[in-house]
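>>> got a sequence here, can you build the structure:
(2 chains)
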Amino acid sequence: MPNLDDVWDTFSNSVKDGAGELAQNLFQEWKDPAKEDASEFIEMTREKLPKWTKALAQGHLTKSEFNLLIRSLEGLAELNALKAKGLAKQKLEQFRVGLISLVVNAAVGAVGL
Amino acid sequence: MNLRRVPIRLIALFGLVFALLIGCDRLADPYSAEAYKQATSLKARSLALVAKGTESYSKHEQTADLLLIDAASAHEFAKGRGKEAAQSAAKQWAIIVDPDGGSLADFVNQWRKAPGGKMSKFFVEEFSSVLALQFDRIIELETGRKAAGNVEG
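Just a heads-up that it's a prediction; the model follows:
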């Protein structure tokens, strides 16, 4: 008869180690595109705002066109945030599914099946 | 090891942990080929319409109306997909169809009211670049589901 404590330790250590690694990989996969979107947005704002302000002053843009361009940047910022939020939930779902697989494999391994 | 020798308490414990994980609601909605097709198609059609912004609005009114109806349809589709999509993809579409949202519907609204029904060439070029990125964010959210292996099945 196997010792319950030993089997439980083997099982919980396998799950803990695997879950930590899984979480780290998934977090990295989520963080990278979010950082890229934020950098792209900052770069775009830095480039576009002076260009649009100058065009407004020179009469290449009307006031309402200028305002719409500003709103388009606000819209883009919001779309970036919603994408990051959605991707985070996708990664959490991926983590949940991965954890189920880890638990099953760890349980099978712990009881030596 | 013989399965019959594994304590029943241990099997019950594994079963409980497994059931707790399985019992959770799905945290993200699965990839939808239909949603991807809607987003890519509407991106191409929207950019084509914005490119016509230097021409008279009345000439393109029907195309604009049809495009806004299709974008509203994509918004409704996203709202009905599930809890997560309603909180992410549907909210993205809400920006696209908002007449003050700084996106497609806002553009059509301003174009309609523009002096002579025309937008400036400078504006059209600048707005196109931002609008393309806005649609990319919707498309990337959808392709993220596929990359995460979150596919219906």
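>>> distance of B:L68 from B:R112?
Distance check for B:L68 against B:R112: by Cβ to Cβ, to the nearest Å, it reads 11 Å. Using the backbone N, CA and C atoms, a C-beta is placed for each residue, glycine as well.
>>> who's more crowded, those two?
More crowded of B:L68 and B:R112, by other Cβ atoms under 10 Å in any protein chain shown: B:L68, with 19 against 12.
>>> low-confidence ranges, chain A, go.
A:1-2, A:4, A:111-113 (pLDDT under 70).
>>> the lengthiest helix in it and chain B, any residue contact?
For chain A, the helix that runs over the most residues, judged by DSSP state H, is helix A:4-58. Yes - for helix A:4-58, a contact with chain B is found by Cβ under 8 Å from any Cβ of the partner chain, at A:4, A:7-8, A:11, A:33, A:37, A:40, A:44, A:48, A:51-52, A:55.
>>> can you name the next helix or strand after that helix?
helix A:63-110 (DSSP states H and E).
>>> quick one: that following helix to helix A:4-58, angle?
170 degrees (axes from the mean of the first three to the mean of the last three Cα atoms, to 10 degrees).
>>> any residue of helix A:63-110 touching chain B?
Yes - remark: helix A:63-110 sits within contact range of chain B at A:64-65, A:68-76, A:78-80, A:82-83, A:85-87, A:89-94, A:96-97, A:99-100, A:103-104, A:107, by Cβ under 8 Å from any Cβ.
>>> out of the residues you listed, which are buried?
A:65, A:68-69, A:71-73, A:75-76, A:78-80, A:82-83, A:85-87, A:89-94, A:96-97, A:99-100, A:103, A:107 (16 or more other Cβ atoms under 10 Å in any protein chain shown).
>>> dump the residue contacts of the residue nearest to the spatial centre of chain A.
Nearest residue to the geometric centre of chain A (Cα atoms, centre = their mean): A:W30, 2.8 Å. Residues in contact with A:W30 (Cβ atoms under 8 Å, 6 or more residues apart in numbering or on different chains) are A:84, A:87-88, A:91.
>>> grab the nearest non-local neighbour of A:A38.
Nearest non-adjacent residue to A:A38, counting by Cβ to Cβ, 6 or more residues apart in numbering or on different chains: A:N80, 6.9 Å away.
>>> verify the stated contact: the one you found with A:I42.
No - look at A:N80 against A:I42 with Cβ atoms under 8 Å: they stay out of range, at 10.7 Å.
>>> now B:A64: how far from B:Q110?
Taking Cβ to Cβ as the measure, B:A64 falls 12 Å from B:Q110.
>>> same question but for A:M44, I mixed them up
Relative to B:Q110, and taking Cβ to Cβ, A:M44 is found at 21 Å.
>>> more neighbours: which of the two?
B:Q110 (21 against 15).
>>> phi, psi for that one please.
Phi and psi for B:Q110, reported as degrees, to the nearest 10, are phi -70, psi -40.
>>> who's in contact with the spatially closest residue to it that is not a sequence neighbour?
Nearest residue to B:Q110 in three dimensions, chain neighbours excluded: A:L68, at 5.2 Å (Cβ to Cβ, 6+ apart). Listed by Cβ under 8 Å, 6+ apart, the contact partners of A:L68 are B:102, B:106-107, B:110, B:123, B:127.
>>> closest one of those to chain A?
B:G102 (3.0 Å; Cβ to the nearest Cβ).
>>> how about the longest helix belonging to chain B and chain A, any contact?
When chain B is parsed with DSSP H, its longest helix is helix B:121-147. Yes - Helix B:121-147 lies within reach of chain A by Cβ under 8 Å from any Cβ, at B:122-123, B:126-127, B:130-131, B:133-134, B:137-138, B:140-141, B:144-145.
>>> where is pLDDT lowest across the residues you listed?
Lowest pLDDT among the residues of helix B:121-147 next to chain A: B:R145, with 88.
>>> and that one, what does it touch?
So B:R145 contacts A:90, B:28-32, B:151 (Cβ under 8 Å, 6+ apart).
>>> appreciated, that's everything.
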